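Asks: can you look at this prediction? I've put the sequence above it.
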Amino acid sequence: MTKGHLHLYEEAPTEGWKPPTDRLPAITGWMFLGILLGMAVVTFGLAALLSIEGTPKRTEALKANKERVLILGASSGIGKELALKYASRGASVCVVARRPDALKEVIAECKGVLLSTPSRAASFDGRRKEAFRTEEEVNKLVLGVVGNVSDVDDMVRVREEVEKAFGGVDTVLIVAGVSATRPFLSIAGSTMTPLKKEDGPTVINKKSRVRAGETGREGIEKIVDSARKSMETNYLGPVVAYATFLPLLSTTSLSPSVLLIASVASLVPAPTRSLYASTKSAALSLHQCVALESEILGLGVRFLAILPGTVRTDLRSKAVDAPPPSTSPASAANKGLDEKWSKITLEPSYVVDRCVAALDAGGVKNKEIFLPAWPYRVAHLAFYLPGLKSIVENGAREKYRNGM
């Protein structure tokens, strides 16, 4: 031992020495559970502190029935439910979708909600009576525009229509998205053949359990095409939306807000979600950077990102990498999921309620909200901690094992 220094262990010989790991505590199951619980407490505690922003609720500055809402991707699922939710509050709603027939249906349902929802209480001979909107009033509150969120001309036209009909916009909801649900090499046409014992001498990679079939030009082109389609909607859509609507938001609203429907897959990787997760991750990164730039510039726009787990919609039935057959939103949502995970898919109404609540809460901080916070927020934190990443990956493998 060197004089004047304290060593935890005796000096070891230079050859054949190994660290005294027997003196270090092993991480047991109970210790791991304690770590997870501790992370959960810290996470939710910080979230609670950050939510106390000391500012009035947004609805105090902007009444629900005065809000002007633009929903990009409103033909079905979360987008459609958001449109109906805001219509029930008496807001001015502009719905945008690529499919004219689906858009027409959403418009009709929004108008039906507005016609059947009391708009105010009027006084007649000293008695109060609910008053309902006329068709003329309702027609002024609902606007539908056929358009592709990634098409510049379409979005400029939407902006012009919104400005003309509503005089501006208070809330922009970016919901449009496409899914991809197959393993990466499977999309490119590579087939996996399990190795047999007699294949041993011919296999160089001794860790391999399968022989991957060669990908041909056609298969590679197919995966590139699927990637382009994913990128066009999931990433370029938000690019066009922010560039088109942020200036209008900033200058025409008392409390401007933009909300992006992202995904837990943006931050927690999972098998069979390579194209979907990577494009959603790019969109979330864009969202966060633009939010920071807007804050520095002083635009006064609040940015929110919602990161839900699997939602019970028909999104997966329209996957860009060969849509799987589906007879219902439930079966489409559960495509490729392990049975026990399919039981906890989220209802669109739950996601919508959380979106609206987060927007109504007000404040100036930009936020990312995991739905549900447990287990996904904790999984996100654990993924970057030594020793815990493999546990998160194992959970992802278990969830999507039926899709492999």
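Replies: Arrived safely, thanks for sending. Here the structure is a predicted model, which means the values were calculated and not measured.

Asks: and the helices in the stretch 251-400 of the chain, which stretches?
Replies: 274-297, 329-333, 339-342, 348-361, 373-382, 389-399 (DSSP state H, counting those that start in this stretch).

Asks: dump the first one to CSV, restricted to CA.
Replies: The one in question is helix 274-297. C-alpha atoms of helix 274-297 as CSV (Å, rounded to 0.1, in the frame of the first residue of the first chain):
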residue,chain,number,x,y,z
SER,A,274,-38.4,0.0,-37.0
LEU,A,275,-39.9,2.3,-39.7
TYR,A,276,-42.8,3.6,-37.6
ALA,A,277,-40.6,4.3,-34.5
SER,A,278,-37.8,6.0,-36.5
THR,A,279,-40.1,8.4,-38.3
LYS,A,280,-42.1,9.2,-35.2
SER,A,281,-38.8,9.7,-33.3
ALA,A,282,-37.7,12.2,-36.0
ALA,A,283,-41.0,14.0,-35.7
LEU,A,284,-40.7,14.3,-31.9
SER,A,285,-37.1,15.6,-32.2
LEU,A,286,-38.3,18.2,-34.7
HIS,A,287,-41.2,19.1,-32.3
GLN,A,288,-38.8,19.6,-29.4
CYS,A,289,-36.3,21.6,-31.4
VAL,A,290,-38.9,23.9,-32.9
ALA,A,291,-40.4,24.4,-29.4
LEU,A,292,-37.1,25.5,-28.1
GLU,A,293,-36.5,27.8,-31.0
SER,A,294,-39.9,29.3,-30.6
GLU,A,295,-39.3,29.9,-26.9
ILE,A,296,-36.0,31.7,-27.7
LEU,A,297,-37.6,33.8,-30.4
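
Asks: list the buried ones in stretch 146-154?
Replies: Neighbour-count burial for stretch 146-154, with 16 or more other Cβ atoms under 10 Å as criterion, is recorded at 146, 147, 148, 149, 150, 151, 154. Heads up, the C-betas are built off the backbone N, CA and C, glycines and all.

Asks: need the distance between the two termini of that stretch.
Replies: 8 Å (Cα to Cα, to the nearest Å).

Asks: how about low-confidence regions in this structure?
Replies: 1-56, 120-129, 198-203, 316-317, 322-344, 363-364, 387, 389-404 (pLDDT under 70).

Asks: give the contact list for the residue most central in space within it.
Replies: Nearest to the mean C-alpha position of the chain, counting by Cα atoms, centre = their mean, stands residue 262 at 2.0 Å. Residue 262 sits next to 280, 283, 284, 287, 305, 306, 307, 368 when contact means Cβ atoms under 8 Å, 6 or more residues apart in numbering.

Asks: now it: how far from residue 276?
Replies: For residue 262, the distance to residue 276 (Cβ to Cβ, to the nearest Å) stands at 11 Å.

Asks: residue 206 now?
Replies: Taking Cβ to Cβ, one finds residue 206 at 33 Å from residue 276.

Asks: tell me which of the two has more neighbours.
Replies: residue 276 (26 against 6; other Cβ atoms under 10 Å).

Asks: need the contact list for that one.
Replies: Counting by Cβ under 8 Å, 6+ apart, residue 276 has contacts 178, 179, 180, 181, 230, 234, 263, 265.

Asks: surely residue 213 and residue 219 touch.
Replies: No: counting by Cβ atoms under 8 Å, residue 213 stays clear of residue 219, with 9.3 Å between them.

Asks: find residues that contact each of those two.
Replies: 189, 190.

Asks: more crowded one of these two?
Replies: In terms of neighbours (other Cβ under 10 Å), residue 219 is the more surrounded of residue 213 and residue 219; the figures are 17 against 14.

Asks: next up, phi/psi of the more buried one, please.
Replies: With angles defined as degrees, to the nearest 10, residue 219 sits at phi -70, psi -40.

Asks: residues contacting it?
Replies: Residue 219 neighbours (Cβ under 8 Å, 6+ apart): 187, 188, 189, 190.

Asks: understood, closing this out.
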